[in-house]
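1. Curious how this folds, go ahead:
(chains A and B, ligands or ions: 2)
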Amino acid sequence: MNGTPKIIIRNLNVSIGKQQILRNINVQVPENKITVLLGPSGCGKTTLLKTLNRLTDLYEDVNLKGSIIIDNEDILNTNSDITMLRKKMGLLSQRPYPLPMSIFDNVAYGLRISGIRKKKILQEKVRHYLEQASLWDEVFDRLKDPASKLSIGQQQRLCLARGLAVDPEIILADEPTSALDPISSQAIEEKFMELKQNYTIVVVTHILRQARRIADHVVFMYLGDVIEQGPAAEIFSNPKMDRTKQYFKGAFN
Amino acid sequence: MFRRLKDKLTKGWMIFCLVVVILLPLFIGVGLMVKSSLLLEKHSVWNLLFTSSWQPLEGKFGFLPFILSSLWITIIAILISGPVCLLSAIYLTQYAKSFVLKIMHPVIDILAGIPSVIFGVWGLLVVVPVIARISPFFGSAGSGYTIISGALVLSIMIIPFILNILIEVFRAIPEELTESSLSLGATRWETVKYVLVRKAFPGIISALGLGISRAFGETIAVLMVVGNVITIPHGIFDPGYPLPALIANNYGEMLSIPMYDSALMLSAFILFIVVLVFNLFSRFAIARLERFY
Ligand SMILES: Nc1ncnc2c1ncn2[C@@H]1O[C@H](COP(=O)(O)OP(=O)(O)OP(=O)(O)O)[C@@H](O)[C@H]1O
Ligand SMILES: [Mg+2]
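-> Ligands and ions are numbered 1, 2, ... in the order given. Take a look at the predicted model:
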């Protein structure tokens, strides 16, 4: 473990219907670092990510056991408002899904939901977060255009901006560059490197080279189990488990 | 050799059938127009559509009572079933367990398959007496055969039709959009209100448009409960006489009166145009609005 843990997952078991998806997961996610979830397709990375902000609640017949502790609160067994809890975490999905509204309104959405109405404050914040996501220069003259008109790469940065706008502490990203061209991918990667000073970032990726570039901490999963985890340098240079070695050699891809 | 010929013949037939299907509405439209031209030569369109005196024996054909009846009934029916369908579709696709939707699908299909005369009978037995009971409170004589009775029966009839489209519209919205909105701190209802309904907006418009075109032409069930009195309805508790009923009640009976059959053809033509316009509009709306959202 390097650094203080922001998220502590203890004995997490997730099943959907009769199918067990995650088995006895124990993971610590260090604060202000980039943690990368690695593993072959179908091993449960997306599910783990969604469990972290309780989007698994949307599934039918889902059964969660164990605990996920964030800021001393077990979010799986809590009485506090899940909506507030989700706001702590920004989500970036595999493909960008801009909300069906203008560029401006996409970023302002979370702010308005949380009660900010003043036009001036909204404008300032929208500008600030669009700058944060390195999108402002490309869109400042067409904020009223529908977000769907942006390119995919721009849309993904817009999704980042709207996620940052609700002031989260954690960023969850599920293969955030898989739909993007190399240049847009690089922009997102660089953004993450920059953002980790202020945020705790969890990234799912299939791209080993990307993982090597950005990871501080690595969690390797296989068929619903966590096989190995630790500081990136250690895991990449000296994986202990056979499965991890095989995966790095490209055995599962 | 023979097989190739057979292949060619089959293909020829298919194209022929396709062409027939495509040309059919055109032929019907043109046919109706030709048949109603007799009346259109004698009277101005304005006169026909916006006067209310209907005395065929004297050669007076004012369609306004029929047009207004049809409009009233259709608009009220949509106002009733639109919100009902919208809320049901949202509940079924966003809140209910998936087995509920699985049960509802055949139920909706059955509802859609009930012959309209049965809805008419239901209207006669249930809706008309109830309306007769309550209409005195609204300052009306109270036969029960009123615009609102027709609209109620009609609204039930078009529910399965609109609901089916709306369910498909909401199901087509990607799950990730909901997830995005939730992760930005919205509640489920805020997500529905600000994101999903917006995303579904083109679909909602076209569902309602298709519902309207369906409702406007519905004949028998409405005819059984609206009273069929030729006056301009001044309220929803007045009787009415919608266009389709005019055709169904009179065609084949009073054709000895000069121009009468031409007048009925004109009402059919009006129906045809309205249905066509709403259909086209609905499809156009989808294509047009989807580009924006
Ligand atoms: N809603 C669901 N209902 C039932 N099973 C599901 C559901 N979502 C995921 N699963 C199953 O859970 C397992 C893990 O899926 P998950 O999407 O978490 O994998 P993943 O590691 O993200 O894969 P990928 O790299 O392909 O995205 C798979 O076997 C999948 O079939
Ligand atoms: Mg995945």
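
2. Figure out the helix or strand that residue B:10 lives in.
-> Residue B:10 is part of helix B:2-42, with elements assigned from DSSP states H and E.

3. Counting by contacts, list what that helix packs against.
-> If you count contacts as 3 or more C-beta pairs under 8 Å, 6 or more residues apart in numbering or on different chains; DSSP states H and E, helix B:2-42 packs onto helix B:260-292. (Glycine included, C-beta is placed from N, CA and C.)

4. What residues of the helix it packs on count as buried?
-> When burial is assessed from 16 or more other C-beta atoms under 10 Å in any protein chain shown, helix B:260-292 yields the following buried residues: B:260-272, B:274-275, B:278-279, B:281-282, B:285-286.

5. pLDDT averaged over that helix, what's the number?
-> Average pLDDT, helix B:260-292: 86.

6. so that helix versus helix B:2-42, what angle?
-> Orientation check (axes from the mean of the first three to the mean of the last three C-alpha atoms, to 10 degrees): helix B:260-292 against helix B:2-42 gives 120 degrees.

7. Just the C-alphas of stretch B:191-201, formatted as CSV.
-> Taking C-alpha atoms only, stretch B:191-201 is exported to CSV below (Å, rounded to 0.1, in the frame of the first residue of the first chain):
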residue,chain,number,x,y,z
THR,B,191,-33.3,11.9,-14.0
VAL,B,192,-36.7,11.0,-15.5
LYS,B,193,-37.8,14.6,-15.6
TYR,B,194,-34.8,16.4,-16.9
VAL,B,195,-33.0,13.8,-18.9
LEU,B,196,-35.1,10.9,-20.0
VAL,B,197,-38.3,12.8,-21.0
ARG,B,198,-36.1,15.2,-22.9
LYS,B,199,-34.3,12.4,-24.7
ALA,B,200,-37.6,10.8,-25.4
PHE,B,201,-39.2,14.0,-26.6
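
8. from the stretch 51-200 of chain B, which residue is nearest to ligand 1?
-> Closest contact between the stretch 51-200 of chain B and ligand 1, by C-beta to the nearest ligand atom, is at residue B:175 (9.0 Å).

9. List the contacts of that residue.
-> residue A:58 (C-beta atoms under 8 Å, 6 or more residues apart in numbering or on different chains).

10. do residue A:139 as well
-> A:103, A:130, A:145, A:150, A:154, A:158.

11. among those residues, which two are most distant?
-> A:130 and A:145 (13.1 Å; C-beta to C-beta).

12. Tell me which of those two has more neighbours.
-> Set residue A:130 next to residue A:145 and count neighbours by other C-beta atoms under 10 Å in any protein chain shown: residue A:130 wins out with 27 against 14.

13. And the pLDDT at that one?
-> Residue A:130 is assigned 95 on the pLDDT scale.

14. before we move on, what about residue B:50?
-> For residue B:50, the model assigns a pLDDT of 90.

15. which non-adjacent residue is nearest it?
-> Nearest non-adjacent residue to residue B:50, counting by C-beta to C-beta, 6 or more residues apart in numbering or on different chains: residue B:64, 5.7 Å away.

16. and what of residue B:237?
-> Per C-beta to C-beta, 6+ apart, closest to residue B:237 is residue B:140, 3.7 Å.

17. Quickly list what the residue lying closest to residue A:5 once chain neighbours are set aside is bridged to.
-> Spatial nearest neighbour of residue A:5, chain neighbours left out: residue A:28 (4.1 Å); criterion: C-beta to C-beta, 6+ apart. Judged by DSSP bridges, the bridge partners of residue A:28 are residue A:8.
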